[in-house]
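In: structure for the following, please:
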Amino acid sequence: MPRRDAEYMEVDSDSDISIGDGTGRKGKGKEKAGDKRKKDKGKGKATEAAYTWEASYTRSWDTVQEDEAGSLQGAVEDWMARGRRRRLLAPAAPVRRTIIRHLVLLLDLSTSMLDRDMRPTRFDLTLQYAREFIVEWFDQNPLGQIGVVGMRAGIGERIGEMSGNPQDVLKAIADRHKLEPVGEPSLQNSIELARSSMNHLPTHSSREILIIFGSLTTCDPGNIHDTLDACVTNKIRISVVALAAEMKICRELCDKTAGQFGVAMNEGHFKDLLFELIPPPAQKALSRAAGAGATNPAADLMMMGFPTRLPDASPPSLCVCHSELRSEGFLCPRCLAKVCDVPTDCDVCDLMIVSSPHLARSYHHLFPVKPYTAVMSIADASVSIGCHGCARVFPTVALTGASEGLSPVGRYRCPECLGEFCSDCDVFVHDVTHVCPGCGK
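Out: As a prediction, this is how the structure comes out:
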């Protein structure tokens with residue numbers, strides 16, 4: 001009896017050990033049932049798909065290959081180029097965008113930002129990424145302005161005034177000790193503070209609020225849905241980057257105002273979600289109504305002024321923005337008031353003062369450079385041996401395992417002039433110059 005129980009346990013455990021020579025009827029039946037289960041199990045493994053976490057997991061070490069010299073530098077460059085080209089595969093059709101932007105950055109300064117699930121802490125990482133975001137945002141949107149509001153101790157605290165000078169915005173969040181997290185956040189108070197600072201803005205500019213939220217609670221004095229309805233009425237776009245988890249009210253804020261919502265899974269994903277909000281948002285299509293006097297407010301003309309720059313050797317005079325004696329500066333073309341930096345709004349006559357380079361740099365968002373097509377084989381490549389932009393010699397051996405829009409031969413062709421460029425020039429043209437050096441488009 002003990003021997004028979006042992007044989008039964010061995011069969012049920014799918015062991016590869018044979019339990020007999022087939023002389024016993026019960027042993028033979030158990031053996032056949034065990035063999036059938038083993039066959040069905042093997043067949044199921046072959047036909048069924050992998051688990052979700054197995055299918056989505058990428059074994060990057062299997063795709064890394066050495067070059068002829070045994071170096072991994074080529075594989076590292078391959079992965080970097082693949083990550084850079086992901087954002088170049090967006091639609092190339094011209095999209096109507098708002099190039100004059102006003103953004104209020106809401107920072108969560110509650111005690112939940114002291115958690116260490118993101119190194120070193122959520123608070124320190126948020127300040128670091130906020131500085132990088134501000135620099136890149138002003139580089140891509142030179143005509144925009146940013147204000148900073150903090151959420152702590154149940155109130156909204158104005159940290160930095162709305163300014164078009166990135167140095168002023170960075171100076172507002174430079175002192176870490178003044179932004180020490182305290183208490184609970186309040187979404188309603190901070191959104192109301194940001195909304196009140198954008199009531200005077202003209203209709204041709206965008207009104208945006210970016211919230212970096214790390215808490216799972218909000219301490220509001222009233223109904224936050226009334227604040228949400230007011231933001232929808234004032235056409236304020238709210239985007240949220242959550243560091244903890246998704247909250248229903250945060251999702252509603254983004255959905256009803258046509259903003260973006262995302263939950264950061266790690267440090268890299270946090271930065272990606274933040275930097276996705278740098279390009280200007282697309283405007284909704286507004287049809288012009290037929291009839292006399294019908295106008296489209298989004299297509300109205302706006303007045304700008306191009307200032308006169310004062311030399312550094314000019315006599316010092318007071319500026320209207322800081323009331324300080326300065327030699328360098330700019331003169332408003334309407335009232336001749338002196339301002340320190342452009343772009344800005346004149347404090348005397350409220351004229352928007354911009355420079356022609358800033359206006360030209362904002363123009364590329366409306367007509368972006370068409371994405372280059374990846375050359376997939378050496379047979380399809382042209383006779384040129386070097387990049388059309390930097391004269392870098394193209395590789396003569398195709399790489400294996402290239403995907404996600406990456407060329408295995410390192411060539412990317414302009415659809416207009418048919419010039420071929422390397423991956424570095426491809427990214428440089430689309431991110432920096434915004435003009436193809438081959439065709440000038």
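
In: give the contact list for the residue lying closest to I155 once chain neighbours are set aside.
Out: Nearest residue to I155, sequence neighbours excluded (C-beta to C-beta, 6 or more residues apart in numbering): N189, at 5.3 Å. Every C-beta, even on glycine, is put in place using the N, C-alpha and C of the backbone. By C-beta atoms under 8 Å, 6 or more residues apart in numbering, the residues touching N189 are M151, G154, I155, G156, D220, P221.

In: ok, of the residues you listed, which come out buried?
Out: Buried by 16 or more other C-beta atoms under 10 Å: M151, G154, I155, G156, D220, out of the contacts of N189.

In: can you pull up the most central residue in the chain?
Out: Centroid-nearest residue in the chain, with C-alpha atoms, centre = their mean: E276, separated by 1.8 Å.

In: was I right to think that one contacts G259?
Out: No: look at E276 against G259 with C-beta atoms under 8 Å: they stay out of range, at 11.6 Å.

In: and which of the buried ones among the contacts of N189 is nearest to D424?
Out: Minimum distance to D424 across the buried ones among the contacts of N189 is 40.9 Å, recorded for M151 (C-beta to C-beta).

In: the closest one reaches L109, doesn't it?
Out: Yes: counting by C-beta under 8 Å, L109 is a contact partner of M151 at 5.8 Å.

In: circling back to that earlier point, so which of the contacts of N189 would you say is closest to G438?
Out: Nearest to G438 among those is M151, at 49.0 Å by C-beta to C-beta.

In: ok, the helix or strand hosting that closest one: who's next to it in the sheet?
Out: Assigned by DSSP states H and E, M151 falls within strand 145-152. Sheet pairing here is set by DSSP bridges, and for strand 145-152 it gives strand 101-108 (parallel), strand 155-163 (antiparallel).

In: give me the distance from the longest one to the chain's centre.
Out: How far strand 155-163 lies from its chain's middle: 23 Å, per C-alpha atoms, centre = their mean, to the nearest Å.

In: check the shortest one too.
Out: How far strand 101-108 lies from its chain's middle: 15 Å, per C-alpha atoms, centre = their mean.

In: same deal with stretch 411-421?
Out: 27 Å.

In: how about stretch 261-281?
Out: Put simply, stretch 261-281 sits 4 Å off its chain's centre (C-alpha atoms, centre = their mean).

In: next one: stretch 193-211
Out: 21 Å.

In: show the average pLDDT along that stretch.
Out: Averaged across stretch 193-211, pLDDT comes to 88.

In: what is the end-to-end distance of it?
Out: One end of stretch 193-211 sits 13 Å from the other (C-alpha to C-alpha, to the nearest Å).

In: got the contact list for A264?
Out: M118, V241, A242, L243, F270, L273.

In: surely the fifth one and E132 touch.
Out: Yep, that's F270 we're talking about. No: assessed by C-beta under 8 Å, F270 is found out of contact with E132, at 11.3 Å.

In: more neighbours, these two?
Out: A side-by-side neighbour count of F270 and E132, using other C-beta atoms under 10 Å, places F270 first with 22 against 12.

In: how close does that one sit to A244?
Out: From F270 across to A244, the span is 12 Å (C-beta to C-beta, to the nearest Å).

In: now do the shared contacts for the two.
Out: Contact with both F270 and A244 is made by no residue, according to C-beta under 8 Å, 6+ apart.

In: contacts for stretch 122-134, please.
Out: Stretch 122-134 has contacts (C-beta under 8 Å, 6+ apart) with 105, 107-109, 112-116, 118-119, 146, 166, 169-170, 173, 176, 179, 181, 212, 214, 243, 267, 270-271, 274-275, 278.

In: can you flag the buried ones in those?
Out: Neighbour counting by 16+ other C-beta under 10 Å classes 105, 107-109, 112-113, 118, 146, 166, 169-170, 173, 179, 181, 212, 214, 243, 270-271, 274-275 among those as buried.

In: start to end distance for stretch 149-167?
Out: For stretch 149-167, the separation between the terminal residues is 17 Å (C-alpha to C-alpha).

In: now that stretch: buried residues?
Out: Of the residues in stretch 149-167, those with enough neighbours to count as buried (16+ other C-beta under 10 Å) are 149-160, 162-166.

In: quick check: closest non-adjacent residue to G419.
Out: Of all residues not flanking G419 in the chain, G438 sits nearest, at 3.5 Å (C-beta to C-beta, 6+ apart).

In: give the burial count for the spatially closest residue to V393 that is not a sequence neighbour, as a bare number.
Out: Spatial nearest neighbour of V393, excluding adjacent residues (C-beta to C-beta, 6+ apart): G386 at 5.3 Å. As a burial measure, G386 scores 12 neighbours (other C-beta under 10 Å).

In: next up, phi/psi of G386, please.
Out: phi -130, psi 160 (degrees, to the nearest 10).

In: roughly how far does the closest residue to L216 other than its chain neighbours sit from T218?
Out: Once flanking residues are discounted, L216 sits nearest to A244: 5.3 Å by C-beta to C-beta, 6+ apart. Separation of A244 from T218 (C-beta to C-beta): 12 Å.

In: same thing with L325?
Out: 46 Å.

In: now do the contacts for H269.
Out: By C-beta under 8 Å, 6+ apart, no residues touch H269.

In: F270 too?
Out: By C-beta under 8 Å, 6+ apart, F270 lies in contact with M118, L125, Y129, V241, L243, A264.
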